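return atomic coordinates for the entry below.
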Amino acid sequence: MSKPCLSLQLLEGTLAVCRLAPEDPVPSWAFSAGLMGSVTRTTEELSVVCSEASVPLGVRCERGWRALKVQGPLAFNLTGILDALTDPLAQTGISIFAVSTFDTDYLLVREAQLEAAMAALRAAGHSLGAA
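Numbers count the residues shown, from 1 in each chain. Reported below is the predicted structural model:
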């Protein structure tokens, strides 16, 4: 079975992936800038993806991520979406942080690897545009 060819959009701005304690409240800075944001709580942690510039000093985080948005909405019965995107990146040695929403998926890649990631995705048949 062939993998789907997808259209992606590079979002503006740099993101951070933050780790807080599981009992911490969702911080007000999580959505203070108009970029994408995501909050996920488990029994082990509270993870926040938000604008890098919004994260206060002292917060445990990984900075320097860029987001590629899969053009959606994507139907829930589609299969292989993330595989079609992550496989060419894995083959190139590029790690990702994936975020899914009701309508679509986002791939976060390190800014230093962005050009290589975009080249690998294009080589796999995906199209990329700017926000």
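
next, count neighbours for the closest residue to Met118 other than its chain neighbours.
Leaving aside its chain neighbours, Met118 sits nearest to Leu128 (5.4 Å; criterion: Cβ to Cβ, 6 or more residues apart in numbering). No exception for glycine: its C-beta is placed from N, CA and C like everyone else's. By the criterion of other Cβ atoms under 10 Å, Leu128 has 15 neighbours.

separation between Leu128 and Val109?
From Leu128 across to Val109, the span is 12 Å (Cβ to Cβ, to the nearest Å).

then Arg41?
In this view, Arg41 and Val109 are 24 Å apart by Cβ to Cβ.

and the helix or strand where Val48 lies, average pLDDT?
For Val48, the host element (DSSP states H and E) is strand 46-51. Averaging pLDDT along strand 46-51 gives 96.

what are the pairing partners of it, and which direction each?
Paired with strand 46-51 in the same sheet, following DSSP bridges, are strand 15-20 (antiparallel), strand 38-41 (antiparallel).

chain center to the host helix or strand of the residue nearest to Met118: distance?
Under the criterion of DSSP H and E, Leu128 resides in strand 127-130. Here strand 127-130 is found 15 Å from its chain centre; the criterion is Cα atoms, centre = their mean, to the nearest Å.

picking up where we left off before, and Arg41 and Val109? which has more neighbours close in?
Applying other Cβ under 10 Å to Arg41 and Val109 shows that Val109 carries more neighbours, namely 24 against 14.
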